[in-house]
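# What follows is a predicted protein model with its sequence.
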Amino acid sequence: QVQLVESGGGLVQAGDSLRVSCAASGRTFRPYVMTWFRQAPGKEREFVATISRSGGSIYYADSVKGRFTISRDNAKNTVYLQMNSLKPEDTAIYYCAGGVKIGSNRSDEYTYWGQGTQVTVSS
């Protein structure tokens with residue numbers, strides 16, 4: 001069992017930067033693919049970015065490519081999402097998830113989920 005806890009969300013202005021983190025505890029973190037999803041009010045949960053166990057394979061949603069960077073520190077059992085040039089449409093609850101399938105953008109393929117952290121971008 002792996003417990004995931006997100007942090008770092010908040011209220012920022014358009015164009016600002018923010019970094020959210022996801023700390024894992026319980027079973028070892030390293031074997032898992034780690035992925036960020038987000039869910040805006042009234043919308044379905046959507047894929048944001050994913051990183052493989054070693055960090056060698058990374059994929060982004062087109063909507064965040066060039067603005068967001070996913071990374072992980074296996075020694076700290078933590079995955080990060082650096083978000084730059086934020087837009088109001090990035091407003092959502094951001095969730096981290098752990099799974100085993102490299103490159104998956106499907107939420108139903110992830111076993112472990114955090115409780116989410118709210119990111120709000122004002123215009």
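Structure's in. What do you need?
# Relative to Ser71, how far out is the residue sitting nearest the centre point of the chain?
Nearest residue to the geometric centre of the chain (CA atoms, centre = their mean): Trp36, 2.4 Å. From Trp36 across to Ser71, the span is 11 Å (CB to CB, to the nearest Å). To be clear about C-beta, it is placed using only N, CA and C from the backbone, and glycine gets the same treatment.
# next one: Lys87
Look at Lys87 and Ser71: by CB to CB, they are 21 Å apart.
# and the residue lying closest to Ser7 once chain neighbours are set aside, what does it touch?
Nearest non-adjacent residue to Ser7, counting by CB to CB, 6 or more residues apart in numbering: Ser21, 5.3 Å away. By CB atoms under 8 Å, 6 or more residues apart in numbering, Ser21 lies in contact with 6-8, 78-81.
# try Phe37
45-48, 94-97, 107.
# let's see it at 7 Å
Shown in contact with Phe37 (CB atoms under 7 Å, 6 or more residues apart in numbering): 45-48, 95, 97, 107.
# of the residues you listed, buried ones?
Buried by 16 or more other CB atoms under 10 Å: 47-48, 95, 97, 107, out of those.
# Quickly name whichever of those is closest to Gln115.
Tyr95 (7.9 Å; CB to CB).
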